[in-house]
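Peer 1: okay, predicted coordinates and the sequence, questions at the end:
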Amino acid sequence: MEEDKSSNTIETQKGAQELPFDWPKQAWTHFELVRQKSPLIQCITNFVSMDFMANTLLSAGASPAMIHSVEEIPEFTPKALGVCINAGTLTPDWLPGMKLAAQVANQSKKPWVLDPVAAGGSSFRLKACLELLALKPSVVRGNGSEILALFKGCVDSNSKGVDSVHGSSDAVEAAKSLAQQSGCVVAVSGAVDYITDGDRVVCVHNGVPMLQKITASGCSVTALIAAFVAVDPSHAVEATASALAIFGVASETGMDMARGPASLRTLLIDSLYGLDEATALSRVRINHL
Ligand SMILES: Nc1ncnc2c1ncn2[C@@H]1O[C@H](COP(=O)(O)OP(=O)(O)O)[C@@H](O)[C@H]1O
Ligand SMILES: Cc1ncsc1CCOP(=O)(O)O
Ligand SMILES: [Mg+2]
């Protein structure tokens with residue numbers, strides 16, 4: 001694996017059959033690229049997540065901008081290196097801006113990432129998320145219930161809103177099919193994160209259960225995925241796995257000193273900011289299914 005700074009890409013997995021792929025090194029290389037390039041990431045996100053998401057991006061070295069006005073998108077979105085679109089507090093007046101940002105990102109050949117928050121919670125939300133998915137994000141990242149709702153295309157009578165009532169492993173096959181149908185990389189988060197392009201399935205084993213007790217941790221890791229894919233758009237599977245692993249490692253090291261969800265939230269941001277190569281290389285845990 002060699003970094004090619006001039007073209008913004010990383011050579012990956014040539015001869016992977018003979019040589020085991022070095023995922024920790026890959027994750028660290030992606031993180032270094034984010035720190036070096038400080039990509040501008042436009043986030044059209046929910047009111048709950050704005051602060052944590054922006055701070056997560058900043059502590060990782062990216063440059064967040066929470067800009068959603070439909071009037072600004074044609075002019076602003078082409079300046080961003082990546083876009084994150086999140087359905088968390090969706091209302092009909094926000095949807096045109098989300099769709100326009102997705103289209104402008106596509107026209108500008110910039111990756112955008114979709115977080116279909118609570119997709120199975122209502123028919124309005126599900127329809128909106130499916131319409132956004134049809135605009136071809138590079139990556140869609142959701143919890144188990146969200147990915148299952150997108151795959152089945154129907155609301156979930158057992159939905160608990162933004163929280164998952166399914167384990168991530170329950171949604172792996174749905175994620176593979178959804179990736180094949182949509183042409184997008186699909187990431188299902190949970191105790192293990194699964195990332196698939198419909199063919200390969202990559203598993204990330206980092207993270208701590210207490211992340212489920214911090215609102216917008218999922219939203220924030222989706223924004224981090226946007227930053228990682230922005231610096232290596234031609235390797236969306238690898239960049240997504242790297243972002244999930246680095247976020248997970250930051251939560252693990254933060255957890256060493258945390259007294260509960262509130263302190264973990266702060267310590268996660270500090271850990272992301274201060275994460276060093278030796279810690280990342282020793283803690284990143286990624287494999288194939
Ligand atoms: N039980 C768990 N153990 C370790 N990490 C977890 C666990 N549950 C969720 N995570 C991590 O928390 C982050 C948010 O995932 P998740 O809770 O599934 O998203 P959401 O908040 O959108 O429901 C991800 O980085 C994921 O890996
Ligand atoms: C609580 C809540 N309600 C609408 S959006 C939101 C935040 C959801 O964040 P996450 O999906 O990352 O847990
Ligand atoms: Mg979520």
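Peer 2: The structure has been received and is ready for your questions. Numbers count the residues shown, from 1 in each chain. Ligands and ions are numbered 1, 2, ... in the order given.

Peer 1: could you use CA atoms for every contact and neighbour count after this?
Peer 2: Noted.

Peer 1: all helices for the stretch 101-250 of the chain, in order.
Peer 2: 123-133, 144-152, 172-182, 217-231, 236-255 (DSSP state H, counting those that start in this stretch).

Peer 1: is ligand 3 contacted by the second one?
Peer 2: No - judged by CA under 5 Å from the ion, helix 144-152 and ligand 3 are separated, with a smallest distance of 8.2 Å.

Peer 1: just the buried residues of that helix, please?
Peer 2: By neighbour count on 16 or more other CA atoms under 10 Å, the buried set for helix 144-152 is 144-151.

Peer 1: ligand 2 is nearest to which of the helices of the stretch 101-250 of the chain?
Peer 2: helix 217-231 (3.3 Å; CA to the nearest ligand atom).

Peer 1: can I get that closest one as PDB, trimmed to CA atoms?
Peer 2: As requested, the backbone C-alpha atoms of helix 217-231 are provided in PDB (Å, rounded to 0.1, in the frame of the first residue of the first chain):
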ATOM      1  CA  SER A 217     -22.600   9.100  18.000                       C
ATOM      2  CA  GLY A 218     -24.000   7.300  14.800                       C
ATOM      3  CA  CYS A 219     -24.600  10.700  13.100                       C
ATOM      4  CA  SER A 220     -21.000  11.700  14.000                       C
ATOM      5  CA  VAL A 221     -19.400   8.600  12.700                       C
ATOM      6  CA  THR A 222     -21.300   9.000   9.400                       C
ATOM      7  CA  ALA A 223     -19.800  12.500   9.000                       C
ATOM      8  CA  LEU A 224     -16.400  11.000   9.800                       C
ATOM      9  CA  ILE A 225     -17.000   8.500   7.000                       C
ATOM     10  CA  ALA A 226     -17.700  11.400   4.700                       C
ATOM     11  CA  ALA A 227     -14.400  13.000   5.600                       C
ATOM     12  CA  PHE A 228     -12.500   9.700   5.100                       C
ATOM     13  CA  VAL A 229     -14.200   8.900   1.700                       C
ATOM     14  CA  ALA A 230     -13.600  12.500   0.600                       C
ATOM     15  CA  VAL A 231      -9.800  12.000   0.800                       C
END
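
Peer 1: what's the angle between it and helix 236-255?
Peer 2: Regarding helix 217-231 and helix 236-255, their directions subtend 130 degrees when assessed with axes from the mean of the first three to the mean of the last three CA atoms, to 10 degrees.

Peer 1: helix 217-231 packs against which elements?
Peer 2: If you count contacts as 3 or more CA pairs under 8 Å, 6 or more residues apart in numbering; DSSP states H and E, helix 217-231 packs onto helix 23-37, strand 40-44, helix 50-60, strand 82-86, strand 112-115, strand 139-143, helix 236-255.
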